[in-house]
Every structure is written in structure tokens, then in C-alpha cells.
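Chemist: Below are the sequence and a predicted model; questions follow.
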Amino acid sequence: FYGFAHHIFPKDVAFVINGHTVSSAQRWNYVRSSVAPTDVAVRYDSGAERSVLVYLAGEKEVLPAVDGSAHIELPLAGEVTVSATTARTFYADPTRPDDLGDGLTPETARRTLSGACALASSGDLVVALPGVYSEGDDIQTAEEQGEATVVPSLRARVVVRPGVTLRSRDGAEATVICGEEELRCVFLCKDAQVSGFTICGGRIRGSDNNVNCRGAGVHGYYSSDISTDGLVCDCIISNNVSGRSAAAQFGTYRRCRILENRASQIASAVRQGRLETCWVARNGDNATLYYCDAYDCTIGPGNGTSCVSECRNLKNTVLADNQDYSVSVALVNCALPDGKVNSKSGITETNCRRFSSAPVDGEGRPVAGSVAIDAGDVASIPAGNDVALDGTQRVFNGVPDIGCYEYDVRGELKEVLRCRRIEVIRADPGVTKAETGLEISSGMLVGRWTPGEDRRLTFALDNIGIGTLRAFANGEPLTGNTIRSSDPVE
């Protein structure tokens, strides 16, 4: 526990966080280690309705409090900040008849996203119930577009105002924002966030070099500080069409699938954005990524010509399409096609791997024997991205893979254990393959064992130092031995 910030709420605001009372404090910072609890319980008494505002390694989550309490699932590692706020929650539901409800409950939700977001101000959360949002629109003013070349107004299915978070309840597979001809899907204002949607069907025509023909899927706020340009998380951005930057323009895209978008001029996927743990595939010609930074991503397969053009930083990223590329600042821990070159001279490729056969399958996942497996660098993974694109464990066998997915080695670990009755269900990053077995330097190896007739399982242990072996049956401990030798333990 450390770093309490100066409070801005009345002195009767009191927190009880995991049993620790924190009086007259707005914030509680917490760094989780591998042995710390997996969640934090927060209670407070402020004399007014408040929700709990949580930052997980910088990514904002607003959790409505129930009876003055909230239950928060923590990441595997990283800093967590908890604070009380006067943030409100509004609801949208495409099955509602109109936008006349007050939006404060699911039962009084508004029909359109634009109607619900019109109620929100900075710090508020808008929750979208499942369904297809294909009605309503809003206009973003020139002042809300940031420092980019502006036009008087731009229409979108929804404009997410400064500091507002728009989040689906049931995720991208169940919740769709659909644009139409001359109507983009989403416009993000400064410090706005969107998470958990399929964003598709935006159509922005034209060839002029201004924002009128850019960002048919998502158009973010633009400033010299990309951290304020808007954040899009856990979304599928697909089948959008524009003159430039069909999927997205500006902003940060985290754990997104960006697929099958088309631009007639340049940037069929993203222009001037930051991508973290994203899969970008099957987009059209004319440069898939343009003036972008990509960290922990898989680019391809199936993108059109010049898939990486005039980009700045690529780190821990797979370029799966067999093309030359253009990167002007840094290439670190990347998987690159054999025989293809960077058109920017003088740029050092640091710890990169070359491949002649496909490192990933058609869904962007590493294949057995891929040069991307166990070839990444933890330092190249953006802070807070402690899971792969599909939400599974980010590191197996002690080293992350290159790209947005992690090759699941649990089957290989089972082979090393040489026991056909064991199914490996969890292997922490500290569990690695050794010459004659498995090495556990930290964390846990968890398996499901189906006993044979003798109901006996023997571990052969070669221990360096002192460790503890614990066995459980249906969650109940069976043994707890201090291991000091290489003698077999039953």
C-alpha cells in the first residue's frame, strides 16, 4: 500500500479496502505481486451516491457501487488506483421504443447510443445492452476534433464526448455499432473511451486531404499527446470503407481485431494511431497501416499491398504478409519475412527473427515451430497488457511470443511430464521446459489428474534451494512437504 493522493472529497469520505481503513483519502494505489490476492473489495461511506473509479495500469474502468461497495478483479501485475467519484451511469438498449427515457436504469434506457451519450459528461459511463445500434447520429464540432485539419461538423452514429466511457455489457460479439453511407460509426473526443463493440459499415467517400474522408469506423481526437486521443479496447473493427484510414484515424487501439476494411487512397486499416495487442488482417490495398506505432501485434495475413508504410515503431510484432515494409524509428523483437527489407535505410533491427514459412495461421495464431514462439520481450509489451488478444494467459514457458496471441504450450508440457492421465490446466510464466522435465522458478503448475487403479502419482524432483510441493484433491490440501533433495515424492 502506498501513495495516497490528497483528497478532494469531504472528510466524511472513508474507504475500507481489503479490510484496511483509508480515511479522508481519494485514492489507494496497489501493486500486485504474483502471490497477492486476485481482487480488491472496496467500501466507502460518502453520504452521497458515488461509483468506484478504477485505473488498471492506466486504463479506466468505472464500476457502479452496489450498497456502497464494489468488487474489482485485478490484473496479473501492475498498478491499480481506486477512487470515489461522482460519476454517473447511463444505459442504451436498441430494443427500447425511443430516446425518451432518463437512461439511468436498463428499464429506462435510451434506444440510441447518441441519445444515451448525450446525457453523459466527463467521468460518466454509458453501458450499451446487446443488439445492433443502427439508428441515431450526432455531430462533432470543429472544436472537438483536436489539432487536426477541421471542417465545421462531422456526423457519426455516436460521438463520445470528452472524458466519457462507452462500454458494452456483453462484448463485441453481441453488440454492434453500424454506420451507413456518409455516416461514420464512432467519433472520439478528448480522453473518451469505447470498449466491447463490433464497429462496422461506416462509409465515408471523397478524396480531399481532410477529415471528411478519414476514419469510417473510428475517428479519434488528435493532439500532440496521443494519450488524450481516445482509447478503443476489445473491439472488432471491420468492413468499413473510406478514401483514407478506413478502419480508424488517430487514437489508441488495444486488443482489437481490425479486419477487412478498404480505403481507395491510403491506409485501409489505421492511420496515425497506436496499436497494442491487435490483429490486423485481410484489409485492402494502399497501405494497411500508415504512420502508426504497433506493439505486441500481428499484422496479417491477407493484407493488400504496402501493408506497413511510413510507420514509426514496431515492437514485438509479426509481419505475416510477405512484403517489404517501411519503418522509420525502431524495429525491436519482430518476426519479419525472409528476403524482405525496410525501405527506410539506417534503421537497426534489434533481436528480430526471420521466417521463410508462415509464422501464424489464417487466424493470426502462432503455428507449431514458429519463429515467433518464445522469441518476444516482456519490455516490448505495453504496460497493462497482461493477457493475449483472446484474453488468455500472455506468457507461457517463461518468455512471451511475438505477436498478439500466445502459443498454448500446455499440451507440450503434458508430454514433458510423461503422464497420460494428467491434463495441464495452468502454467504460470515461471514454469519452463527443461532438458529432462519442467522447471518451476516461481508461480504454479496446475494439472488435472485422473487416477489409475493404484491411485498413486510420483514426482521426481531435482531441487535447487528449498521449495514447497503442495497437492490438492478437489481443492483440499493432501500434502505439504519441504523439498531438500532429489528423492522421489509420492
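Modeler: Yes, it's here. Residues are numbered from 1 along each chain as shown.

Chemist: May I ask you to name the longest helix in the chain?
Modeler: Using DSSP state H, we find that the single longest helix of the chain is helix 410-417.

Chemist: who touches it?
Modeler: Applying CB atoms under 8 Å, 6 or more residues apart in numbering, the set of residues contacting helix 410-417 from outside is 396, 422-425, 427, 431, 433, 437-438, 445, 447. Every residue, glycine included, has its C-beta placed from N, CA and C.

Chemist: at 10 Å what do you get?
Modeler: With contacts defined as CB atoms under 10 Å, 6 or more residues apart in numbering, helix 410-417 is touched by 368, 393, 396-397, 409, 420-427, 431-438, 445-447, 459.

Chemist: Tell me which of those fall in strands.
Modeler: 396, 422-427, 431-433, 438, 445-447 (DSSP state E).

Chemist: Out of those residues, which two are the most distant from each other?
Modeler: Spanning the widest gap among these are 423 and 432, at 19.1 Å by CB to CB.

Chemist: for residue 294, what are its contacts?
Modeler: Shown in contact with residue 294 (CB under 10 Å, 6+ apart): 253, 270, 273-278, 280, 308, 311-319, 327, 334, 404.

Chemist: Please apply the same query to residue 117.
Modeler: 90, 92, 103, 110, 124, 126, 128, 136, 138, 158-161, 164, 166, 192.

Chemist: Which of those residues ranks first by neighbour count?
Modeler: Counting neighbours by other CB atoms under 10 Å, residue 92 leads the contacts of residue 117 with 31 neighbours.

Chemist: Which residue, other than its chain neighbours, is closest to that residue?
Modeler: The spatial neighbour of residue 92 that comes closest, neighbours along the chain excluded (CB to CB, 6 or more residues apart in numbering), is residue 116 at 3.8 Å.

Chemist: Confirm the one you found sits in a helix?
Modeler: Yes. Looking at residue 116 with DSSP: H, G, I helix; E, B strand; the rest coil, it is inside a helix.

Chemist: can you tell me which residues contact it?
Modeler: So residue 116 contacts 90-93, 96, 99, 101, 103, 109-110, 126-128, 133, 136, 158, 166 (CB under 10 Å, 6+ apart).

Chemist: Likewise for residue 288?
Modeler: Per CB under 10 Å, 6+ apart, neighbours of residue 288: 246-247, 258, 261, 263, 266-270, 280-282, 299-300, 302-309, 311, 321, 323.

Chemist: surely residue 375 meets residue 332?
Modeler: No. With contact defined as CB atoms under 10 Å, residue 375 does not count as touching residue 332 (11.7 Å).

Chemist: and for these two, which residues touch both?
Modeler: Residues touching both residue 375 and residue 332 by CB under 10 Å, 6+ apart: 316, 351-352.

Chemist: how many neighbours does residue 457 have?
Modeler: Residues near residue 457, counting by other CB under 10 Å, number 15.

Chemist: any idea how far it is from residue 114?
Modeler: 60 Å (CB to CB, to the nearest Å).

Chemist: do residue 345 as well
Modeler: Where residue 114 is concerned, residue 345 sits at a distance of 48 Å (CB to CB).

Chemist: same check, this time on residue 223
Modeler: Using CB to CB, we find residue 223 at a distance of 24 Å from residue 114.

Chemist: before we move on, what about residue 261?
Modeler: From residue 261 over to residue 114 the distance is 23 Å, taken as CB to CB.

Chemist: quick one: contacts for residue 448?
Modeler: The contact partners of residue 448, by CB under 10 Å, 6+ apart, come to 421-426.

Chemist: Buried ones among these?
Modeler: Taking 16 or more other CB atoms under 10 Å as the criterion, what is buried in these is residue 424.

Chemist: shaky segments in the stretch 101-250 of the chain?
Modeler: Applying pLDDT under 70 to the stretch 101-250 of the chain flags residues 141-153, 206-211.

Chemist: Can you flag the buried ones in the contacts of residue 294?
Modeler: Here, 16+ other CB under 10 Å leaves 253, 270, 273-278, 280, 308, 311, 313-319, 327, 334, 404 buried among these.

Chemist: Which of those fall within strands?
Modeler: 253, 270, 274-276, 280, 308, 311, 313-315, 318-319, 327.

Chemist: Make TSV out of these and add distance to residue 453.
Modeler: Formatted as TSV, those follow (distance: CB to CB, whole Å):
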residue	distance to residue 453
253	54
270	58
274	57
275	54
276	51
280	52
308	58
311	60
313	58
314	55
315	52
318	47
319	53
327	60
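
Chemist: Nearest residue to residue 399 in space, please, no chain neighbours.
Modeler: residue 374 (4.3 Å).

Chemist: Show me what residue 387 bridges to in the sheet.
Modeler: Beta bridges link residue 387 to residue 393, judged by DSSP bridges.

Chemist: my read: it touches residue 393, true?
Modeler: Yes. Residue 387 is in contact with residue 393 according to CB under 10 Å; the separation is 7.1 Å.

Chemist: OK, contacts around the residue nearest the centre of the chain?
Modeler: Nearest residue to the geometric centre of the chain (CA atoms, centre = their mean): residue 255, 3.4 Å. Contacts for residue 255 were tallied using CB under 10 Å, 6+ apart; they are 172, 195, 232-235, 275-279, 296, 385, 387-391, 404.

Chemist: Which residue comes closest to residue 111 once chain neighbours are left out?
Modeler: Closest to residue 111 by CB to CB, 6+ apart is residue 96, at 4.4 Å.

Chemist: List the contacts of that neighbour.
Modeler: By CB under 10 Å, 6+ apart, the contact set of residue 96 is 103, 106-112, 115-116, 129, 131.
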